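Undergrad: I would like to see how this sequence folds:
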Amino acid sequence: MEPADWANLDALALSLILDNLEERIDHIWFGAVCKSWRSTAKIHHQNHQFKSNVLPMLMFHAEGETRLYSIPGERMYSFPYFEIPMRECMSLYGFHHGWFATQNTESRGITLRNPFKNVAPIHLPPPTPRSYKYCTVYKVTLSADLITSGNDYVVAAVYNGLIYFKRESQKCWTIVNIHLQASDIPSECFFTAILFHKGLIYAVNEMNNIMSFDPFSNEKTTPNMVLQGSYDKDNDIGNVIHDAFSYNYLVESLEGDLWLVRRLSDREGLGARYKFQVYKLEEQNGKLVRLKSLGDNVLFVDKFASFSVSASYFSNCLQKDSIYYHPHIQSSMEIYFSIYNVKDGSCFHHYADFRERPAPFTFWIQASFQWD
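TA: Purely as a prediction, here's the structure:
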């Protein structure tokens, strides 16, 4: 019996193999076998279904080493291409469209890096020219991939609780003036979550007010009050709406709706017991509607970025109606994430790695590796 000629397998057979590889990094290994397999994988990669269904991986960085954790195979991959300078190593503030945002502890400027593509980092000036030693960026988000969008993109940041944004063509940042149209909101109600959604920036502050504004408009920037800190009647979080240990996430659903994910806990840090509630924004009515089921959505949330992926597409490895999250504070001896079911309130902890050194960064990413 002659040995199989793996390098010259029929394209249909190779496509069937690729269809059963759920992890993006497995496609990279597939393409590394030989030139013909790489060519097939590159063509397959253009498929819209695969491009729009990227399974998040858990990334953590400690002591100069970066690793990626794969959920389906429960495997750890070394990732030597992501290095953060020491002056920025404790200041990761966002991950969007493959780009990481860090802040220089000396200049206070923001740097955008894409370790998955062969591109130079983008250095941005500080959001404000005034230098505050202890004032830092809280969160950064992008309107689009900086590579494919050309010069038509916007970077938005929460800096000292206020929102700043910068178009690519602008030299300086623009601050959003919330007091012109929302003068009843006290200045101490800082913003905690921002997200680009349908061309607008949506933001949530500590009083659970949701606002939106158009960063592409040339008119004076004032926000639109989308929701005045209220929830639907049957919610059960009224007594803890200002809980110091609560946290808000904004995520776009697969259907294109804006969802507010509310994380509640009895205390912060190790051993905290979390529960989640998910609300759909009905902007026409100015209401948040509590969701009892996530439909085909599976959510991955953390303070850097949040994603929604298809439960049916990844049915072999993801749990339906679930939220995958990890604590903002990790133990120095272990890396783990948790799976919370929004239907029955159950929670399962999955331990990914045990190590003897702390991991200051642990977060979800949707890797977009470069083929060319």
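Undergrad: make it CA atoms for all contacts and neighbour counts henceforth
TA: Fine.
Undergrad: pull the number of nearby residues for I122.
TA: 13 (other CA atoms under 10 Å).
Undergrad: now for it: which residues touch it?
TA: By CA atoms under 8 Å, 6 or more residues apart in numbering, the contact list for I122 reads 111-113.
Undergrad: now the strands for the stretch 201-350 of the chain?
TA: 209-213, 224-228, 247-252, 258-265, 274-282, 287-290, 297-301, 306-310, 322-325, 334-341, 347-354 (DSSP state E, counting those that start in this stretch).
Undergrad: grab the nearest non-local neighbour of the residue nearest to the spatial centre of the chain.
TA: In the chain, the residue lying closest to the centroid (CA atoms, centre = their mean) is A305, at 1.9 Å. Excluding the flanking residues, the one nearest A305 by CA to CA, 6 or more residues apart in numbering is F95, at 5.7 Å.
Undergrad: that neighbour against T141, yeah?
TA: Yes - F95 is within contact range of T141, at 7.2 Å (criterion: CA atoms under 8 Å).
Undergrad: between the contacts of I122, which is nearest P72?
TA: Using CA to CA, R113 is the member of the contacts of I122 that sits closest to P72, with 27.0 Å.
Undergrad: how near is that closest one to C317?
TA: Distance, R113 to C317, using CA to CA, to the nearest Å: 30 Å.
Undergrad: again, but for F60
TA: From F60 across to C317, the span is 21 Å (CA to CA).
Undergrad: neighbour count: these two, which is higher?
TA: Just comparing F60 and C317: by other CA under 10 Å the higher neighbour count belongs to F60, 19 against 14.
Undergrad: on that earlier part again, closest to A156 out of the strands of the stretch 201-350 of the chain?
TA: Nearest to A156, of the strands of the stretch 201-350 of the chain and by CA to CA, is strand 209-213 at 11.3 Å.
Undergrad: what's the mean pLDDT across the closest one?
TA: Averaged across strand 209-213, pLDDT comes to 88.
Undergrad: chain center to it: distance?
TA: Distance of strand 209-213 from the chain centroid (CA atoms, centre = their mean, to the nearest Å) equals 19 Å.
Undergrad: go on, stretch 207-223?
TA: The chain centroid and the centroid of stretch 207-223 are separated by 21 Å, computed with CA atoms, centre = their mean.
Undergrad: may I have that stretch exported as CSV, CA atoms only?
TA: Extracted as CSV, the C-alpha positions of stretch 207-223 are listed here (Å, rounded to 0.1, in the frame of the first residue of the first chain):
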residue,chain,number,x,y,z
MET,A,207,-24.8,56.4,37.8
ASN,A,208,-25.8,53.9,35.0
ASN,A,209,-26.6,56.7,32.5
ILE,A,210,-26.1,55.7,28.9
MET,A,211,-25.1,58.4,26.5
SER,A,212,-24.1,58.4,22.8
PHE,A,213,-22.4,60.9,20.6
ASP,A,214,-21.1,61.2,17.0
PRO,A,215,-17.3,61.5,16.9
PHE,A,216,-17.4,62.1,13.1
SER,A,217,-19.6,65.2,13.4
ASN,A,218,-17.9,68.6,12.9
GLU,A,219,-20.4,70.3,15.2
LYS,A,220,-19.9,70.9,18.9
THR,A,221,-19.6,67.6,20.7
THR,A,222,-22.4,67.1,23.2
PRO,A,223,-23.9,63.7,24.0
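Undergrad: distance from the chain centre to the longest helix along the chain, please.
TA: If you go by DSSP state H, the chain has its longest helix at helix 35-45. Distance of helix 35-45 from the chain centroid (CA atoms, centre = their mean) equals 28 Å.
Undergrad: quick check: mean pLDDT of it?
TA: Averaged across helix 35-45, the pLDDT comes to 77.
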